[in-house]
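J.: predicted model and sequence below, questions to follow.
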Amino acid sequence: MCLAIPGKIVAITEQLDETFRKGKVSFGGIMKIVNLYMVPEAKVGDYVLVHVGVAINVVDEEEAKLTFSYLKSMGEVEELETPDSPQI
């Protein structure tokens, strides 16, 4: 099953223009580089839903933390920690 996982933007790492950006996102302490082009309004400190490496929506912090805790309890965030998946 494909899920969108909530994470917090901790840094903007690349920016070609106002739209095409990449950022470092924390998923419960696991850091990944995420494409931010679908959420041009997102900024450092915002929570975003990430699907296959692309942030697809900005979400409320409470909603993000609650959703992440549900996913973690179901074992759905384990793939973030796999050796195949580059961490920052």
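T.: Ah, there it is. Numbers count the residues shown, from 1 in each chain.

J.: strand partners (parallel or antiparallel) of the lengthiest strand in the chain?
T.: Scanning the chain for the strand with the most residues, using DSSP state E, yields strand 5-15. Here strand 5-15 is paired, per DSSP bridges, with strand 21-27 (antiparallel), strand 47-51 (antiparallel).

J.: now do the very next helix or strand once past the shortest one, average pLDDT.
T.: Tracing the chain C-terminally past strand 47-51 and defining elements by DSSP states H and E, one meets strand 54-59 next. Per-region confidence: strand 54-59 scores 96 on mean pLDDT.

J.: give the next helix or strand downstream of strand 54-59.
T.: Elements were assigned by DSSP H and E; along the chain past strand 54-59, the next helix or strand is helix 61-73.

J.: neighbouring contacts of that next one?
T.: 3, 5-8, 27-28, 47, 49, 59, 77 (C-beta atoms under 8 Å, 6 or more residues apart in numbering). In short, each C-beta sits where N, CA and C put it, glycine included.

J.: which one of these sits closest to residue 16?
T.: residue 7 (21.6 Å; C-beta to C-beta).

J.: so what's that closest one bridging to?
T.: The bridge-partner assignment for residue 7, based on DSSP bridges, gives residue 48.

J.: what do you get for residue 22?
T.: On the basis of DSSP bridges, residue 22 is bridged to residue 14, residue 35.

J.: could you do the one 5 residues further on as well?
T.: Note on residue 27: beta-bridge partners by DSSP bridges are residue 30.

J.: so which helix or strand of this structure has the lowest pLDDT on average?
T.: Among the helices and strands of the chain, helix 61-73 carries the lowest confidence by mean pLDDT, DSSP states H and E, at a mean of 86.
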